[in-house]
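Undergrad: The sequence isn't on hand, but the structure is:
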């Protein structure tokens, strides 16, 4: 039996795309392997949002050239956003690549063992209604794509150019998939989209949440990512009134400066963002809010940076994903004036992270002694017999237990707080 190795770079959407690739390959008789040295097919599912991920991929791709020199029958594939962005330029740079396909063309993997080469980078208007097999790694939680692409064109973001314009799946297709997952024993689903709030089919996003809330056997619903400009009062009503959506919202801020937000083409102000956070917290007590921050955007002044630190202090996010600005070829921000030195971008990033680390630790310490529901995700990495799971507010919790508990919901008492996780003791199983 042929073996395939898939290396995933980037976000949850890429992870789920890799699950679809694995499903397509399994249907063709491939076994999935973690050992690329013995693989017949190596796939790199790439991300181009940040330069660091791109450089890491190119380094790994270079090593496969030597592998192919030793094993000419090996097939090498590049998928995802870098494949879409670089196109045939990548084939000129790395002629040992056999298959190149973008995130809209995963279906091109069908029948791949009979293909000597593959180039599939075209727009796929039928993506939202295309049903592909999925090979999921986890037992308790699953990712479900509800829409594809993006219409926002933030000035720093390459996604609309690589994943295309917004297309929403029919709600009945999503509900059917989630019903099937619940019947298989999955307790939690995460709805995926570049901007889930702009989901539009026969229902809007709050309407979709209401439909999924009625799925028997499902305990939790998560979603990423929300765009603040579309975070509506109707969505807040749904989160306040429905049982299964988790008390966690990821709401990317990017900058606390209205001036910088305008240059980013984010379509909201600092004040509008803060009002939406206040409305959410008023209706959903205890909700955890996380965010994204970009430091050192072109033209960012010291007072803009201070505005960002001010929002961190005011909102008291539960956690953040923060990165120094990384220019992406083809975006408007890459051509802007006023690019800041690396040292300035990095120093501002360090200041943001230092402040947020203290906030996150304080929030975690406040949970010591409380009891919370945890969905067991699988073995931990630090100690033998350790499991890891998440609370409804998306806090990572480690505790002792057997692997047979994977996929189950447990009551766990928090006994110790760390900066980015909690330690607990199981009270029931």
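TA: Structure's in. What do you need? Note that this is a predicted model, so its numbers are computed, not measured. Numbering: from 1, shown residues only.
Undergrad: element containing the closest residue to residue 175 other than its chain neighbours, please.
TA: Closest residue in space to residue 175, ignoring its immediate chain neighbours: residue 211 at 5.4 Å, by Cβ to Cβ, 6 or more residues apart in numbering. The C-beta positions use only the backbone N, C-alpha and C, and glycine is treated the same way. Using DSSP states H and E, residue 211 sits in helix 205-213.
Undergrad: so what does the helix or strand following that helix touch, helix or strand wise?
TA: Once helix 205-213 ends, the next helix or strand along the chain (criterion: DSSP H and E) is strand 220-224. Packing partners of strand 220-224 (3 or more Cβ pairs under 8 Å, 6 or more residues apart in numbering; DSSP states H and E): strand 188-192, helix 205-213.
Undergrad: of all these, which gets the most neighbours per residue?
TA: strand 188-192 (a mean of 22; mean count of other Cβ atoms under 10 Å).
Undergrad: tilt between that one and helix 205-213?
TA: 160 degrees (axes from the mean of the first three to the mean of the last three Cα atoms, to 10 degrees).
Undergrad: packing partners for strand 188-192?
TA: Under the contact definition 3+ Cβ pairs under 8 Å, 6+ apart, strand 188-192 sits against helix 12-27, strand 141-145, helix 171-184, helix 205-213, strand 220-224.
Undergrad: now with 10 Å?
TA: Judged by 3 or more Cβ pairs under 10 Å, 6 or more residues apart in numbering; DSSP states H and E, the packing partners of strand 188-192 are helix 12-27, strand 141-145, strand 147-148, helix 171-184, helix 205-213, strand 220-224.
Undergrad: mind checking how far the third one is from the chain centre?
TA: Which is strand 147-148. Centroid displacement of strand 147-148 relative to its chain, using Cα atoms, centre = their mean, to the nearest Å, is 13 Å.
Undergrad: Pairing partners for it, with directions?
TA: Strand 147-148 has the following strand partners under DSSP bridges: strand 167-168 (antiparallel).
Undergrad: Distance check, the residue nearest to residue 175 against residue 244.
TA: Computed as Cβ to Cβ, to the nearest Å, the residue 211 to residue 244 distance reads 11 Å.
Undergrad: And for residue 349?
TA: 36 Å.
Undergrad: try residue 381
TA: From residue 381 to residue 244 the distance is 29 Å (Cβ to Cβ).
Undergrad: Report the mean per-residue pLDDT for the lengthiest helix in the chain.
TA: The helix that spans the most residues within the chain, counting by DSSP state H, is helix 342-365. What helix 342-365 shows for mean pLDDT is 98.
Undergrad: Tell me where the stretch 51-200 of the chain has helices.
TA: Applying DSSP state H, counting those that start in this stretch to the stretch 51-200 of the chain gives helices spanning 51-70, 81-86, 88-93, 159-162, 171-184.
Undergrad: same deal with the stretch 201-350 of the chain?
TA: So, for the stretch 201-350 of the chain - with DSSP H, counting those that start in this stretch - the helices run 205-213, 233-241, 258-264, 270-283, 302-315, 342-365.
Undergrad: Counting by contacts, list what the shortest one packs against.
TA: For helix 258-264, the helices and strands in contact under the criterion 3+ Cβ pairs under 10 Å, 6+ apart are helix 270-283, helix 302-315.
Undergrad: Can you lay out these as TSV showing mean neighbour count and mean pLDDT?
TA: What follows is these, written out as TSV (neighbours: other Cβ atoms under 10 Å; pLDDT from 0 to 100):
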stretch	mean neighbour count	mean pLDDT
helix 270-283	16	98
helix 302-315	17	98
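Undergrad: Adding distance to residue 418 as columns, could you present these in CSV?
TA: Output for the helices and strands packed on helix 258-264, formatted as CSV (distance: least, Cβ to Cβ, whole Å):
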stretch, distance to residue 418
helix 270-283, 25
helix 302-315, 20
